[in-house]
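A.B. asks: The amino acid sequence is not available; the structure is as follows:
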């Protein structure tokens with residue numbers, strides 16, 4: 001390594017958008033490194049992430065640590081003026097390691113060992129892997145923790161990718177039994193919680209308990225949710241071990257982890273407690289193909305992506321990061337991993353970048369610098385083509401960098417007036433007891449979020465642990481397990497609340513509340529849920545709301561309540577039964593709501609809470625960051641930006657073309 005340069009820690013939020021890129025020096029000839037670094041800097045990039053898949057290069061044989069190439073790569077990038085994010089390499093243990101310790105390999109739900117040959121081939125419960133992962137992270141941190149060019153660290157890579165949170169190995173079974181013993185204290189307490197008197201499922205000792213896979217029927221829902229809770233704790237402990245090592249050797253350098261969209265396999269809030277910045281990997285094209293929208297809407301948004309999914313996850317990970325959020329991987333073109341891999345429209349990489357910034361993201365890093373010509377991701381686009389020529393993403397990044405200088409500096413995302421509750425244990429509860437094939441909590445929450453966005457309302461995502469003082473309206477579309485402390489906090493706040501069906505329907509033990517749902521929510525609204533039903537795809541119920549009839553699908557509840565009835569079911573089954581009831585503090589929706597019905601419910605709730613809204617924006621989306629106002633056009637035609645007469649436009653103008661962005665101040 002050359003002579004050190006004094007380190008300037010990045011411990012405060014940037015006062016302007018910064019951009020970066022993912023780079024893999026071990027995958028390219030040494031003679032390309034200087035030229036790549038120079039071109040990154042000339043483009044205007046500030047950050048570069050390296051190292052997260054390079055364990056086999058760091059340690060090609062047991063105990064043979066080879067740092068020279070990494071020393072040189074960091075030096076080349078840093079001398080060019082780039083800030084390095086160094087990833088710990090634990091997402092890809094080398095072949096010699098899994099051969100040495102076979103218990104590292106995870107076991108699938110079918111009981112088959114998942115073999116070496118890709119990535120994320122490890123079990124979070126393997127004691128061998130915990131030891132070896134800590135060892136390589138300790139060695140890395142000791143060598144690079146004080147390095148002047150290493151400005152931040154990333155732990156592992158994409159916890160949960162490829163369905164790798166849950167392992168059904170012997171090591172997982174051993175650890176699960178210990179976790180249960182600590183949680184319950186006695187096997188009698190576990191039998192009570194799991195309801196094992198049903199079907200003669202009683203256990204005599206914790207050592208008798210198996211993992212919840214390959215059963216004749218579904219497991220006890222408490223058994224399944226406890227296994228998910230246990231697995232989530234394993235992820236948190238694995239991540240915390242790495243963070244503790246990095247804190248020791250790299251004080252002042254922020255630590256992040258790159259989460260994923262549409263993954264609720266573990267509690268991201270809990271992992272977020274141990275890191276400084278939450279980052280996530282943004283792939284809207286695959287998110288559309290695998291997502292919630294109808295086939296017609298997927299066709300409509302084929303080259304732009306779901307207008308609300310990406311914004312939702314920006315807001316979620318802003319909450320996970322307690323206000324600090326990065327994008328570690330931004331899709332720059334077609335990818336390789338979805339069932340279909342269409343290209344984004346020209347201009348979407350620019351739009352996604354400004355969308356991230358508008359939702360509080362301070363740094364956007366693109367995946368990757370150059371498209372690789374071999375292996376699994378050779379179809380995955382990058383900023384450069386495999387031969388080094390600029391691809392479309394490179395051109396759009398250059399445009400964003402030119403636009404950054406036009407904007408005022410120092411603008412921060414402020415608290416919204418509306419909060420939407422996302423609760424991981426409630427997601428696990430609906431996974432264990434979906435009751436109907438069409439009930440998808442992730443899609444339901446996104447539908448509620450999208451309704452708010454179409455009405456021009458900024459949203460904060462919150463958990464039950466969050467402070468609620470800033471909010472006028474709190475929405476809980478799928479809060480199955482309502483914590484009594486959260487209910488008390490909401491009751492003390494000035495916020496009004498709207499709860500979706502199934503709210504408060506389960507205890508922590510996955511039981512029906514003793515006095516019926518909505519459990520602790522009865523402290524806010526007086527009702528009892530006496531019957532629930534899931535509805536097949538071909539059927540819809542009719543709801544009379546005001547003077548209009550609306551279709552309701554997926555879910556219906558029968559409730560008994562003295563509260564004011566705001567909407568009623570209409571039809572041959574229990575005609576006139578309440579579909580929406582409320583008082584001055586809270587409302588409860590007893591019906592699945594989509595489309596116009598959901599827009600009506602959400603719009604009325606905003607008016608009730610005194611939150612300003614706009615007419616339905618259609619394909620236009622708005623956001624605020626401090627004094628800056630943003631508009632994004634996901635439609636196929638021009639749209640007029642709802643800016644005031646004295647607006648000063650820094651990017652774009654009042655008429656917004658398709659796939660275009662406007663930024664202004666009032």
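C.D. replies: Sure thing, it's come through. As the structure is a prediction and not an experimental result, all values here were calculated from the model.
A.B. asks: so how far is residue 262 from the closest residue to residue 339 other than its chain neighbours?
C.D. replies: Spatial nearest neighbour of residue 339, excluding adjacent residues (C-beta to C-beta, 6 or more residues apart in numbering): residue 289 at 5.8 Å. Where C-beta positions appear, they are placed from N, C-alpha and C, glycine not excepted. Note on residue 289: its distance to residue 262, by C-beta to C-beta, to the nearest Å, is 12 Å.
A.B. asks: hang on, the earlier thing: the residue nearest to residue 339 is in contact with residue 340, isn't it?
C.D. replies: Yes. In terms of C-beta atoms under 8 Å, residue 289 counts as a neighbour of residue 340; the distance is 5.4 Å.
A.B. asks: Low-confidence stretches in the stretch 101-250 of the chain?
C.D. replies: Judged against pLDDT under 70, the stretch 101-250 of the chain has no low-scoring part.
A.B. asks: quick one: the strands in it?
C.D. replies: 150-154 (DSSP state E, counting those that start in this stretch).
A.B. asks: do the stretch 251-400 of the chain as well
C.D. replies: With DSSP E, counting those that start in this stretch as the criterion, the stretch 251-400 of the chain has strands spanning 255-260, 277-282, 325-330, 361-366.
A.B. asks: angle of the third one against strand 361-366?
C.D. replies: In this case it means strand 325-330. Orientation of strand 325-330 against strand 361-366 (axes from the mean of the first three to the mean of the last three C-alpha atoms, to 10 degrees) gives an angle of 10 degrees.
A.B. asks: Off-centre distance for stretch 473-485?
C.D. replies: 18 Å (C-alpha atoms, centre = their mean, to the nearest Å).
A.B. asks: can you pull the buried residues of that stretch?
C.D. replies: For stretch 473-485, the neighbour count (16 or more other C-beta atoms under 10 Å) marks 473, 474, 475, 476, 477, 478, 479, 480, 481, 482, 483 as buried.
A.B. asks: Kindly report the same for stretch 113-132.
C.D. replies: So for stretch 113-132, counting by 16+ other C-beta under 10 Å, buried means 113-114, 116, 119-126, 128-130, 132.
A.B. asks: same thing with stretch 542-549?
C.D. replies: Buried residues in stretch 542-549, counted by 16+ other C-beta under 10 Å: 542, 543, 544, 545.
A.B. asks: now stretch 364-376
C.D. replies: Here stretch 364-376 shows 364, 365, 366, 367, 368, 369, 370, 371, 372 as buried, counting by 16+ other C-beta under 10 Å.
A.B. asks: rewinding a little: identify, from the buried residues of stretch 113-132, the entry nearest to residue 227.
C.D. replies: Using C-beta to C-beta, residue 125 comes nearest to residue 227 of those, at 11.4 Å.
A.B. asks: quick one: contacts for the closest one?
C.D. replies: 167, 169, 171, 172, 174, 175, 176, 234 (C-beta atoms under 8 Å, 6 or more residues apart in numbering).
A.B. asks: sorry, back to before: want to throw the buried residues of stretch 542-549 into a markdown table with secondary structure?
C.D. replies: Formatted as a markdown table, the buried residues of stretch 542-549 follow (DSSP: H, G, I helix; E, B strand; the rest coil):
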| residue | secondary structure |
| --- | --- |
| 542 | strand |
| 543 | strand |
| 544 | strand |
| 545 | strand |
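A.B. asks: I would like the residues contacting the strand or helix carrying residue 485, please.
C.D. replies: Residue 485 is located in helix 484-492, with elements delineated by DSSP states H and E. By C-beta under 8 Å, 6+ apart, the residues outside helix 484-492 that reach it are 464, 465, 468, 474, 497, 520, 521, 523, 524, 585.
A.B. asks: I'd say residue 76 and residue 34 touch.
C.D. replies: Yes. Counting by C-beta under 8 Å, residue 76 touches residue 34, with 5.7 Å between them.
A.B. asks: which one of these two has more residues nearby?
C.D. replies: residue 76 (19 against 13; other C-beta atoms under 10 Å).
A.B. asks: Doesn't that one belong to a helix?
C.D. replies: Yes. Counting by three-state DSSP, residue 76 is found in a helix.
A.B. asks: give me the number of residues near the nearest residue to residue 228 once chain neighbours are set aside?
C.D. replies: Residue nearest to residue 228 in three dimensions, not counting chain neighbours: residue 428, with 4.6 Å by C-beta to C-beta, 6+ apart. Neighbour count for residue 428, taken as other C-beta under 10 Å: 27.
A.B. asks: So residue 428 versus residue 193, what's the distance?
C.D. replies: Separation of residue 428 from residue 193 (C-beta to C-beta): 15 Å.
A.B. asks: same thing with residue 606?
C.D. replies: 40 Å.
A.B. asks: now residue 456
C.D. replies: Distance from residue 456 to residue 193, by C-beta to C-beta: 45 Å.
A.B. asks: Could you do residue 615 as well?
C.D. replies: Residue 615 is 50 Å from residue 193, by C-beta to C-beta.
A.B. asks: Which one's more surrounded, these two?
C.D. replies: Per other C-beta under 10 Å, whichever of residue 615 and residue 193 has more neighbours is residue 193, with 20 against 10.
A.B. asks: Leaving out chain neighbours, which residue sits closest to the more buried one?
C.D. replies: residue 509 is the one closest to residue 193 (C-beta to C-beta, 6+ apart), at 4.5 Å.
A.B. asks: Let me know the pLDDT of residue 275.
C.D. replies: Looking at residue 275, its pLDDT reads 98.
A.B. asks: How about the contacts made by it?
C.D. replies: 155, 239, 243, 254, 255, 256, 257, 321.
A.B. asks: ditto for residue 201
C.D. replies: 194, 195, 220.
A.B. asks: quick one: the last one and residue 193 touch, right?
C.D. replies: No. Under the criterion of C-beta under 8 Å, residue 220 makes no contact with residue 193, lying 9.0 Å away.
A.B. asks: so what's the spatially most central residue of the chain closest to, chain neighbours aside?
C.D. replies: Taking C-alpha atoms, centre = their mean, the centroid of the chain lies closest to residue 261, which sits 4.3 Å from it. Leaving aside its chain neighbours, residue 261 sits nearest to residue 313 (4.8 Å; criterion: C-beta to C-beta, 6+ apart).
A.B. asks: With residue 536 instead?
C.D. replies: residue 438 (7.5 Å).
A.B. asks: Cross-check the contact I'm expecting between residue 134 and residue 245.
C.D. replies: Yes. Using C-beta under 8 Å, residue 134 makes contact with residue 245 at a distance of 6.6 Å.
A.B. asks: So for the two, which residue has more residues nearby?
C.D. replies: residue 245 (25 against 16).
A.B. asks: ok, the more buried one - contacts?
C.D. replies: Applying C-beta under 8 Å, 6+ apart, the residues near residue 245 are 134, 137, 138, 141.
A.B. asks: Buried residues in the helix ranked longest in the chain, which are they?
C.D. replies: The longest helix of the chain (DSSP state H) is helix 221-249. Neighbour-count burial for helix 221-249 flags 221-236, 238-243, 245-247, 249 (criterion: 16+ other C-beta under 10 Å).
A.B. asks: now stretch 161-173
C.D. replies: Within stretch 161-173, the residues that qualify as buried are 161, 164, 165, 166, 167, 168, 169, 171, 172, 173, counting by 16+ other C-beta under 10 Å.
A.B. asks: Could you dump those residues into JSON lines with distance to residue 180 added?
C.D. replies: Putting these into JSON lines (distance: C-beta to C-beta, whole Å) gives the following:
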{"residue": "161", "distance to residue 180": "27"}
{"residue": "164", "distance to residue 180": "22"}
{"residue": "165", "distance to residue 180": "18"}
{"residue": "166", "distance to residue 180": "16"}
{"residue": "167", "distance to residue 180": "16"}
{"residue": "168", "distance to residue 180": "15"}
{"residue": "169", "distance to residue 180": "16"}
{"residue": "171", "distance to residue 180": "15"}
{"residue": "172", "distance to residue 180": "12"}
{"residue": "173", "distance to residue 180": "11"}
